[in-house]
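A.B. asks: Sharing a model prediction with you, sequence too.
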Amino acid sequence: MSSFAARLLAWFDLYGRRDLPWQHPRTLYRVWISEVMLQQTQVRTVVPYFERFVARFPNLLALADASVDEVLALWSGLGYYSRARNLHRATQLCRQRGDLPDRFDQLLALPGIGKSTAGAILSQALGRRHAILDGNVRRVLTRFHCVDGDPRSSGNEARLWSLAEAFMPHERLADYTQAMMDLGATVCTRTAPACGDCPVRGNCKAYQQGLVAKYPMPRARRMRPLRTRAFLWMSDAQQRVALAKRPAVGIWGGLFAFPDGDSIADVCHALRVAIPSGDADVTVRHEFTHFSLDMQVWCIRVECNAVDDHGLSWFALQDALSLGLPQPVRRMIEDRL
C-alpha cells in the first residue's frame with residue numbers, strides 16, 4: 001500500500017464519514033441511488049432525500065414498478081431531474097435480472113452512469129478495485145500534483161484518471177473510495193481548505209509551494225445568459241391551482257408547473273382567458289447550470305370549467321405538494337399555505 005493510501009485510511013479511521021445511510025447496508029442498489037443523488041449535490045442535502053427514496057422504493061424492482069411521476073415526486077427539490085428519469089429507465093433495463101449488473105462495462109451501458117459513478121458503485125458495494133474521479137477527488141489530485149491548466153481538459157482528465165488509479169490500494173477499497181471523497185469534501189475544500197488537518201499535506205506539491213489557492217486552475221468563465229418566461233397561476237373558488245405536466249424533454253421535464261409561454265399574452269390566448277393587466281405579481285429568479293431564468297408570475301382567479309383543457313389539472317394546494325414540482329413552484333405553493 002502506498003504511503004498516500006496508508007495515511008489517508010488512517011485519517012479516515014479517525015475522521016471519516018462511516019455512518020452515512022447508504023453504507024448500512026452497502027448494496028449495489030443503495031450505493032447506486034446515493035451516487036446518482038450525490039452528482040453535483042452535497043451529502044447533507046442528499047441524506048433526507050435518500051432516506052425517503054429507499055423507504056418508498058427499497059429495491060430495484062420496487063423502483064421499476066413505480067411510475068415516472070412517483071419517482072419525480074420524491075425527487076422534487078433535489079434538482080437535475082434527468083437523474084431521476086435515468087434511474088427509472090435503468091430499472092426497466094435491469095428488471096429481468098432483479099438488480100444492477102456487477103460488471104463495470106454493463107454499468108456503463110446504463111443511462112446516467114459514467115465511469116466515476118460505475119467505479120464508486122463497484123468499489124463501495126463490492127470492494128472492487130475501481131478508481132473514481134468526482135469533483136472532490138479531482139481537486140485533491142490536482143493540488144497534490146500541481147496539475148496546471150483546466151483539470152477537465154482531455155489531457156488533464158486522462159492524467160488525473162491515471163493518478164487516481166495508481167493511488168488505489170488493493171485492500172479496504174470501499175473505505176479508500178469514501179476517504180478520497182471525504183478528504184475533498186471536508187478538508188481539501190474549494191475555498192479555505194484546512195491544510196493543517198490534511199493527512200497527505202507532507203507530499204502535496206501545492207501545499208509545499210504555498211500554491212494551494214492556485215489549484216485547481218479556474219476554467220474560463222462564460223457569462224450566464226438570463227432568460228425571461230411568463231407563468232400563469234390560476235386559482236378557482238376552492239383555492240385549487242391549475243398545473244400542467246411539462247414535456248419529458250427540456251427544463252423540468254415531466255414535472256408539474258404553472259402553464260407558461262414567451263409572454264403572458266401568449267399564455268392567456270392559448271388558454272382562452274383574459275389577459276391580466278399590469279406587471280407580474282411576482283418575479284422569481286431560478287438558477288440553472290447554464291442560464292438564469294426570471295419567472296414572471298401573474299395570478300388570476302378563474303372558474304375551472306371556464307378554462308380549456310390544454311393538459312391542465314386542478315389540485316388543492318396541499319395535494320399539489322405531493323407531485324413532482326420544480327423547486328420554485330413548490331416554494332410558491334408552500335408560501336400560500
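C.D. replies: Received the coordinates, thanks.
A.B. asks: Now do Leu9 against Val187, distance only.
C.D. replies: Shown here: Leu9 relative to Val187, a distance of 14 Å by C-beta to C-beta, to the nearest Å. In short, each C-beta sits where N, CA and C put it, glycine included.
A.B. asks: no no, Ile113
C.D. replies: The span separating Ile113 from Val187 equals 28 Å under the rule C-beta to C-beta.
A.B. asks: Then Asn136?
C.D. replies: Asn136 is 10 Å from Val187, where distance means C-beta to C-beta.
A.B. asks: same thing with Pro193?
C.D. replies: If you go by C-beta to C-beta, the gap between Pro193 and Val187 works out to 7 Å.
A.B. asks: what's the answer for Pro48, then?
C.D. replies: Applying C-beta to C-beta, one obtains 24 Å for the distance of Pro48 from Val187.
A.B. asks: Comparing these two, which residue is more hemmed in?
C.D. replies: Neighbours of Pro48 and Val187, each counted by other C-beta atoms under 10 Å, are more numerous for Val187; the result is 20 against 12.
A.B. asks: quick one: that one and Asp197 touch, right?
C.D. replies: Yes - A contact is recorded between Val187 and Asp197 when judged using C-beta atoms under 8 Å, the distance being 5.2 Å.
A.B. asks: Show me which positions of stretch 194-202 end up buried.
C.D. replies: Neighbour-count burial for stretch 194-202 flags 198-201 (criterion: 16 or more other C-beta atoms under 10 Å).
A.B. asks: To clarify, my last question referred to stretch 48-62.
C.D. replies: Of the residues in stretch 48-62, those buried (16+ other C-beta under 10 Å) are 49-50, 53-54, 57, 60.
A.B. asks: What is the nearest of the residues you listed to Val282?
C.D. replies: Closest approach between the buried residues of stretch 48-62 and Val282, by C-beta to C-beta: Tyr49, at 26.9 Å.
A.B. asks: name the element the closest one belongs to?
C.D. replies: With elements delineated by DSSP states H and E, Tyr49 resides in helix 43-56, which encompasses its position.
A.B. asks: Between the two ends of stretch 37-44, how far is it?
C.D. replies: Terminal residues of stretch 37-44 lie 11 Å apart, using C-alpha to C-alpha, to the nearest Å.
A.B. asks: Distance from the chain centre to that stretch, please.
C.D. replies: The chain centre lies 6 Å from the centre of stretch 37-44; the measure is C-alpha atoms, centre = their mean, to the nearest Å.
A.B. asks: any residues touching that stretch, and which ones?
C.D. replies: For stretch 37-44, the surrounding residues in contact (C-beta atoms under 8 Å, 6 or more residues apart in numbering) are 17, 20, 46, 49-50, 53, 78-80, 83, 117, 134-135, 185.
A.B. asks: go on, stretch 63-78?
C.D. replies: 37, 41, 45-46, 49, 52-53, 56-57, 81, 83-85, 87-88, 91-92, 94-95, 254-255, 322-327, 330.
A.B. asks: Selecting buried members of the residues you listed in ChimeraX, what would you type?
C.D. replies: The command below creates a ChimeraX selection of those among these that count as buried (16+ other C-beta under 10 Å):
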select :37,46,49,53,57,81,83,84,85,87,88,91,94,254,255,323,324,325,326,330
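A.B. asks: re earlier: nearest to His269 among the buried residues of stretch 48-62?
C.D. replies: Each of the buried residues of stretch 48-62 was checked against His269 using C-beta to C-beta; the closest is Tyr49, at 38.7 Å.
A.B. asks: how close does Phe50 sit to Gln42?
C.D. replies: From Phe50 over to Gln42 (counting by C-beta to C-beta), the distance is 12 Å.
A.B. asks: Who are the contact partners of the nearest residue in space to His145 that is not next to it in sequence?
C.D. replies: The shortest distance from His145 to any residue other than its chain neighbours is 6.0 Å, reached at Lys205 (C-beta to C-beta, 6 or more residues apart in numbering). Lys205 is in contact with 143-146, 211, counting by C-beta under 8 Å, 6+ apart.
A.B. asks: residue boundaries of the strands in the stretch 151-300 of the chain?
C.D. replies: 226-235, 241-245, 256-257, 260-261, 282-287, 292-301 (DSSP state E, counting those that start in this stretch).
A.B. asks: Can you report how many residues lie near Ser277?
C.D. replies: As a burial measure, Ser277 scores 6 neighbours (other C-beta under 10 Å).
A.B. asks: related to what we said a few turns ago, and the buried residues of stretch 194-202, which is closest to Gly155?
C.D. replies: For the buried residues of stretch 194-202, the residue nearest Gly155 by C-beta to C-beta is Val200; the value is 24.0 Å.
A.B. asks: So the closest one sits against Ala6, correct?
C.D. replies: No - with contacts counted by C-beta under 8 Å, Val200 stays clear of Ala6, the gap being 9.8 Å.
A.B. asks: on that earlier part again, format the strands of the stretch 151-300 of the chain as JSON lines; extra columns: mean neighbour count and distance to Ser313.
C.D. replies: Formatted as JSON lines, the entries for the strands of the stretch 151-300 of the chain read as follows, by neighbours: other C-beta atoms under 10 Å; distance: least, C-beta to C-beta, whole Å:
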{"stretch": "strand 226-235", "mean neighbour count": "18", "distance to Ser313": "11"}
{"stretch": "strand 241-245", "mean neighbour count": "21", "distance to Ser313": "6"}
{"stretch": "strand 256-257", "mean neighbour count": "22", "distance to Ser313": "8"}
{"stretch": "strand 260-261", "mean neighbour count": "18", "distance to Ser313": "15"}
{"stretch": "strand 282-287", "mean neighbour count": "13", "distance to Ser313": "22"}
{"stretch": "strand 292-301", "mean neighbour count": "17", "distance to Ser313": "17"}
